[in-house]
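1. Sharing a model that was predicted from the sequence below.
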Amino acid sequence: MYPARIEEVHPIRGGPRSLRYNTGKVALTAEEVRKIARLARLQLSEEELLRYAQQLSAVLDYAARLGEVDTSEIPPTATVLPLTAPLRPDEVRPSLPPDLMLSNAPFSEAGMFRVPRVLEEQS
Amino acid sequence: MAALTDLTLLEAADALRAGEVSSVELTRSCLDRIRAVDSRVHAFLTVTDDLALAQARAADNWLRQNPGGSAPLVHGIPLAVKDVLCVEGAPATAGSRILEGFRPPYSATSVSRLLTAGAVLVGKTNTDEFAMGSSTENSAYGVTHNPWNVDRVPGGSSGGSTAAVAARFCYAALGTDTGGSVRQPAAFCGVSGLKTSYGRVSRYGLIAFGSSLDTVGAIARSVADLEPVFRTMAGHDPLDATSMQSPVPEFELNGKGIRGLRIGVPKEYFIPGLQSEVESAVRQAITALEELGAQTREISLPHTDLALPVYYLIAPAEASANLARFDGVRYGPRRGPGSYPEDYFVTRGELFGPEVKRRIMLGTYALSAGYYDTYYGQAQKVRTLIKGDFETAFESVDLIACPVTPTTAFGIGAHGDDPLSMYLEDVFTLPANLAGIPALSFPVGFDSARLPIGMQLMAPHLAEDRLLQAAHAYQTATAWHREAPPL
């Protein structure tokens, strides 16, 4: 199992000492990391799962300090711009030619991207 | 006459207009120097010899047909472009094997504006994979070496571009800055680097990393050389819905100088662990700004220490969404047994590098059910506080001056497999991205190992003119930016 204090297995070596911050409260398991990898469509080796469990725990533990900030009255910032969605006329314009758009595809056929079968054949 | 590659961009532009040199000669001298020296630096992933010479010939022809000095300053000038920006006719890998062989069908707006103005592209420069890193060690195509000491990193992620400019391979280069990726490598390589305001330069054709943070920036050997590159690529682009309508103001670099400018020095940026030589060089540069007529005062940006955890949740969250498009269907190689969904898992698992996978995982976790409010949602709220720090500060000062990096360039391999210690390198550059404001890094001295030291100026949103004028005033009075690495 994973030790309570990540620092024991993952000491933060570099960077300014004053910035180091470890509560040791966050420790992802390999099973949790496997679930994240599945959501992210990443095939990882067992060795990668173990390493990422440690490294992601260290980063998330560092980020846990944000929970100490009172933001009950603070709105979130999704963009720094005072933008409203810009509008433009809905006009037909030429697009890049299909041949050009297919030229980078690893597999294409009959003017389309070719992918593995997604649906089973109906009987 | 000095080697053509030693000319500044403005000197080269003057020589071109005066007919003393041709664009083909400038371009050949850059290509020759790349061929002779880049094996020790590895700044370039692709050198576009044929394209460059064709563009240079076209630039010379235009000059012959349009005498009288009406050409834009970048006309005929050899430039390099970071490999996360698309250029039609040249590969774009973003430093990743998942884009190996990709040839973009169109150019980024920032690039096409420079090429339309007559600039010459000599090549695509190395970068941390998808611009994720602070050392250029995360490139799938080999590390770039710092021209000042080839055992040191050039910084990152635009380390190929800053090394290329420092090594005199080109007169200026484009980089991108999502968390410091123009400013930190500019500091490590002893060149000047501008992070533009969010929304100032179109992101169209930039391979996306963190869409609310990504900016396109410019790198050159002086602020005076940066200015025409910035001016050419900036301004509204209908192809980027987040590009601002506000025009770039007309300004003279020498116009206002620095007299009477109020410069704030944030106490939170002078922390224990800041290399003492970096602190003293930055303090001396602040004194020099005072001697030039600026008024300086200590200020506080109280939420500075939260920028790092906020950034390392928001940027990976945005990256995990942006990088979902790399699935081996439309571009890049495909790996796997030829079945669904295994091909997606294998393609992405095999072809993304370790840091990219780490950030995709981190972002996926921060956005996942049950953790969204704790991590991503809270980070967006604290981002508001960090942005608010700057809004408050800029009510009483015109610019903010501080270090760019806690140390000078570190050794290749120094951070090993320790991502958090690498993330700490970005502590002084992340806040400007979270706030969307422009910032500039420029050389202010050397440490005892003769590695360059940079200083950072930050300005309110869209006030690039103020940044460039102040740093240009400093460079008019000092000579750090004229030092060349011993290659």
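-> Right, received. Where do you want to start?
2. Count residues in the vicinity of residue 41, would you?
-> Assuming you mean chain A. 20 (other CB atoms under 10 Å in any protein chain shown). (Glycine included, C-beta is placed from N, CA and C.)
3. actually it's chain B I care about, not the one you picked
-> As a burial measure, residue B:41 scores 24 neighbours (other CB under 10 Å).
4. so who does it touch?
-> Residue B:41 makes contact with B:144-145, B:147, B:150, B:163-164, B:167, B:169, B:487, according to CB atoms under 8 Å, 6 or more residues apart in numbering or on different chains.
5. just the residues you listed that are near chain A?
-> Among the contacts of residue B:41, proximity to chain A is found for none (CB under 8 Å from any CB of the partner chain).
6. As TSV, those with secondary structure would be great.
-> Output for the contacts of residue B:41, formatted as TSV (DSSP: H, G, I helix; E, B strand; the rest coil):
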residue	secondary structure
B:144	coil
B:145	coil
B:147	coil
B:150	coil
B:163	helix
B:164	helix
B:167	coil
B:169	coil
B:487	coil
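7. Would you mind giving those as JSON lines with neighbour count added?
-> Supplementary listing: the contacts of residue B:41 in JSON lines, determined by neighbours: other CB atoms under 10 Å in any protein chain shown:
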{"residue": "B:144", "neighbour count": "35"}
{"residue": "B:145", "neighbour count": "23"}
{"residue": "B:147", "neighbour count": "29"}
{"residue": "B:150", "neighbour count": "16"}
{"residue": "B:163", "neighbour count": "35"}
{"residue": "B:164", "neighbour count": "34"}
{"residue": "B:167", "neighbour count": "26"}
{"residue": "B:169", "neighbour count": "30"}
{"residue": "B:487", "neighbour count": "17"}
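8. Give the buried residues for stretch B:99-107.
-> Buried positions in stretch B:99-107, judged by neighbour count with 16 or more other CB atoms under 10 Å in any protein chain shown: B:99, B:102-105, B:107.
9. ok, back up a step: got TSV for the contacts of residue B:41, with pLDDT and distance to residue B:320 too?
-> Supplementary listing: those in TSV, determined by pLDDT from 0 to 100; distance: CB to CB, whole Å:
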residue	pLDDT	distance to residue B:320
B:144	98	26
B:145	98	31
B:147	98	34
B:150	98	35
B:163	98	29
B:164	98	31
B:167	98	35
B:169	98	34
B:487	88	39
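10. Now do residue B:157 against residue B:308, distance only.
-> 17 Å (CB to CB, to the nearest Å).
11. Looking only at neighbour counts, state which of the two leads.
-> A direct count of neighbours by other CB under 10 Å for residue B:157 and residue B:308 places residue B:157 higher, at 34 against 24.
12. Buried residues, the longest helix along chain A. List them.
-> Longest helix in chain A, counting residues (DSSP state H): helix A:46-63. In terms of neighbour count (16+ other CB under 10 Å), helix A:46-63 has its buried residues at A:48-49, A:51-63.
13. and it, what does it pack onto?
-> Applying 3 or more CB pairs under 8 Å, 6 or more residues apart in numbering or on different chains; DSSP states H and E, one finds that helix A:46-63 contacts helix A:6-9, helix A:30-39, helix B:307-322, helix B:354-367, helix B:419-423.
14. Now do that helix and helix A:30-39, the angle between them.
-> Inter-element angle recorded for helix A:46-63 and helix A:30-39: 100 degrees (by axes from the mean of the first three to the mean of the last three CA atoms, to 10 degrees).
15. got the CA positions of helix A:46-63 in PDB?
-> The C-alpha trace of helix A:46-63 is given here as PDB (Å, rounded to 0.1, in the frame of the first residue of the first chain):
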ATOM      1  CA  GLU A  46       1.800  -1.500 -14.700                       C
ATOM      2  CA  GLU A  47       5.100   0.400 -14.200                       C
ATOM      3  CA  GLU A  48       3.500   3.600 -15.500                       C
ATOM      4  CA  LEU A  49       0.400   3.100 -13.300                       C
ATOM      5  CA  LEU A  50       2.600   2.900 -10.200                       C
ATOM      6  CA  ARG A  51       4.800   5.900 -11.200                       C
ATOM      7  CA  TYR A  52       1.800   8.100 -12.100                       C
ATOM      8  CA  ALA A  53       0.100   7.100  -8.800                       C
ATOM      9  CA  GLN A  54       3.000   8.600  -6.900                       C
ATOM     10  CA  GLN A  55       3.500  11.600  -9.200                       C
ATOM     11  CA  LEU A  56      -0.100  12.600  -9.500                       C
ATOM     12  CA  SER A  57      -0.500  12.300  -5.700                       C
ATOM     13  CA  ALA A  58       2.300  14.700  -5.200                       C
ATOM     14  CA  VAL A  59       0.900  17.300  -7.500                       C
ATOM     15  CA  LEU A  60      -2.700  16.900  -6.200                       C
ATOM     16  CA  ASP A  61      -1.400  17.100  -2.700                       C
ATOM     17  CA  TYR A  62       0.300  20.400  -3.600                       C
ATOM     18  CA  ALA A  63      -2.900  21.600  -5.100                       C
END
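16. tell me the centre residue of chain A?
-> residue A:40 (6.8 Å; CA atoms, centre = their mean).
17. any idea how far chain B is from it?
-> Using CB to the nearest CB, to the nearest Å, we find residue A:40 at a distance of 4 Å from chain B.
18. my guess is that residue meets residue B:364, correct?
-> Yes - the pair formed by residue A:40 and residue B:364 meets the contact definition of CB atoms under 8 Å, at 4.4 Å.
19. Quick check: neighbours shared by these two?
-> residue B:320.
20. and the helices and strands packed on helix A:46-63, which one's lowest on average pLDDT?
-> Lowest mean pLDDT within those: helix A:6-9, at a mean of 32.
21. so residue B:142 sits right up against residue B:42, yeah?
-> Yes - with contacts counted by CB under 8 Å, residue B:142 reaches residue B:42, the gap being 5.6 Å.
22. between those two, what contacts are shared?
-> The contact lists of residue B:142 and residue B:42 share residue B:126, where a contact means CB under 8 Å, 6+ apart.
23. Who has more neighbours out of the two?
-> residue B:42 (21 against 12).
24. How about the contacts made by that one?
-> B:126, B:142-145, B:160.
25. So for it, what's the pLDDT?
-> 98.
26. Against residue B:3, how distant is it?
-> 21 Å.
27. For the closest residue to chain A within the stretch 101-250 of chain B, give me its contacts.
-> Across the stretch 101-250 of chain B, the shortest distance to chain A (CB to the nearest CB) belongs to residue B:105, at 4.7 Å. With contact taken as CB under 8 Å, 6+ apart, residue B:105 is in contact with A:96, A:100-101, A:103-104, B:88.
28. hmm, which two among the residues you listed are most spread apart?
-> A:101 and B:88 (13.2 Å; CB to CB).
29. Quick check: residues of the stretch 51-200 of chain B near chain A?
-> So far as CB under 8 Å from any CB goes, the stretch 51-200 of chain B lies against chain A at B:101-103, B:105-106, B:198-199.
30. which among those residues gets closest to residue B:373?
-> The closest of these, once distances to residue B:373 are taken by CB to CB, is residue B:198, at 25.1 Å.
31. With adjacent residues omitted, what lies nearest to that closest one?
-> Nearest residue to residue B:198, sequence neighbours excluded (CB to CB, 6 or more residues apart in numbering or on different chains): residue B:436, at 3.6 Å.
32. Could you do residue B:33 as well?
-> Sequence neighbours aside, residue B:5 is the residue nearest to residue B:33 in space, at 5.1 Å (criterion: CB to CB, 6+ apart).
33. Can you read off the backbone torsions of the residue of the stretch 251-400 of chain B found nearest chain A?
-> At 2.5 Å from chain A, residue B:273 is the closest residue in the stretch 251-400 of chain B, using CB to the nearest CB. Main-chain torsions, residue B:273, degrees, to the nearest 10: phi 100, psi -20.
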